[in-house]
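Visitor: using only what follows, build the 3D model:
(one chain, ligands or ions: 1)
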Amino acid sequence: MNSPGVFPCSRCDQPLSRKGGEFYLIDIRAVVDPVSARNLVFEISDDPEFEISQLLKRIDSLTEEQLVSEIYQRKLFSLCPNCYVTWMADPFGRESPAPRSST
Ligand SMILES: [Zn+2]
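Guide: Numbering: from 1, shown residues only. This next block holds a predicted model:
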């Protein structure tokens, strides 16, 4: 698996190469609901200073990585053609657990 330009399918571990048409790149971006995020910062209460202090406390309690992951995450996966078809039909894996190579 250490050959240059060869990498495993993210689902079944089958070796894939960068030659054209042999795999699918899945690019998933998850962004927090922007309405909720806006409300978190700008929600008007009877005591806006209290709201801001609570927000700052919450921000202080999170690492930068946690803070970023709560707002935005991006994941890239490479799938072989068979796994691509299966994944597209059931992206949340409700019906088909991933096959795993026995190596
Ligand atoms: Zn696969």
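Visitor: which phi and psi does residue 20 have?
Guide: phi -60, psi 140 (degrees, to the nearest 10).
Visitor: then residue 49?
Guide: phi -60, psi -40.
Visitor: for it, give its distance to the ion.
Guide: Distance of residue 49 to the ion, given as CB to the ion, to the nearest Å: 54 Å. Every C-beta, even on glycine, is put in place using the N, C-alpha and C of the backbone.
Visitor: kindly report the same for residue 22.
Guide: For residue 22 relative to the ion (CB to the ion), the value is 11 Å.
Visitor: host element of that residue?
Guide: Assessed by DSSP states H and E, residue 22 sits outside every helix and strand.
Visitor: what separation is there between it and residue 13?
Guide: Separation of residue 22 from residue 13 (CB to CB, to the nearest Å) stands at 15 Å.
Visitor: more crowded one of those two?
Guide: A count of neighbours by other CB atoms under 10 Å puts residue 13 above the other of residue 22 and residue 13, at 18 against 12.
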